[in-house]
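K.L.:
From the sequence below, what's the structure:
(one chain, ligands or ions: 1)
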Amino acid sequence: MSTTHAAMGVSIAAVTVWIAPELAVPAALGAMAGGIFPDLDVAVVAHRRTLHFPEHYWLPVALAAPVAAVAPSAVTVGAAFFALSAAVHSVSDAFGGGLGARPWRNDDQRGVYSHRRGEWIPPRRWIRYDGAPEDLLAAAVLSLPGLLLFDGLVRDLTLAMLAVSVVYTVLRKPLGELTHRYDL
Ligand SMILES: [Zn+2]
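P.N.:
Numbers count the residues shown, from 1 in each chain. Presented below is the predicted three-dimensional model:
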């Protein structure tokens, strides 16, 4: 789920706590936004396709990372971690479940769309579906850096996302069944 991706981004950005502590907050906020950003396509056109680029996001990463290293600032570091988090998100979606209203039925073979290959990468189902108990576990573990290494806004947002994750996990199956039954 999106919140797991955001927490994963914050976990990666947490290296800045040791490398450049004065830039850790923009790094974490950039990573958080970048972790959520690809999933905005759920409301746009084609989920896990329009804003998901398992290959191409690495290009902005390759451009933004050296810029952030040479000219570290809130903007450059935030942008670099935004791109990195979006790239990791897009790749890791292939390790989750398929699309469709009820992904726990394994009735959908679309993991994430590869724009380079022009086809869907099949779901590996390490995490069976978004909002699965193991997804919540991953979100909880990946939230630890945000909760323990940060304070203020980053910690508050991490805590809020964790709360959203719990609610989403509880409602995921009933909502999926409803969506399927009424063809929403
Ligand atoms: Zn996604």
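K.L.:
residues of stretch 94-101 that come out buried?
P.N.:
94, 96, 97, 98, 99, 100, 101 (16 or more other Cβ atoms under 10 Å). Any C-beta I mention is one placed from the backbone N, CA and C, and that applies to glycine too.
K.L.:
Looking at those residues, spot the one nearest the ion.
P.N.:
Checking the buried residues of stretch 94-101 against the ion by Cβ to the ion gives residue 96 as the nearest, at 8.0 Å.
K.L.:
So for the closest residue to that closest one other than its chain neighbours, what pLDDT did the model give?
P.N.:
Closest residue in space to residue 96, ignoring its immediate chain neighbours: residue 127 at 4.8 Å, by Cβ to Cβ, 6 or more residues apart in numbering. What the model reports for residue 127 is a pLDDT of 97.
K.L.:
next one: residue 183
P.N.:
At residue 183, pLDDT is 73.
K.L.:
That one is in what secondary structure piece?
P.N.:
Following DSSP states H and E, there is no helix or strand that holds residue 183.
K.L.:
same check, this time on residue 120
P.N.:
strand 119-121.
K.L.:
Show me what the next helix or strand after that strand is packed against.
P.N.:
Using DSSP H and E, the next helix or strand after strand 119-121 towards the C-terminus is helix 133-148. Helix 133-148 is packed against helix 2-13, helix 152-181, with contacts defined by 3 or more Cβ pairs under 8 Å, 6 or more residues apart in numbering; DSSP states H and E.
K.L.:
No more questions from me, cheers.
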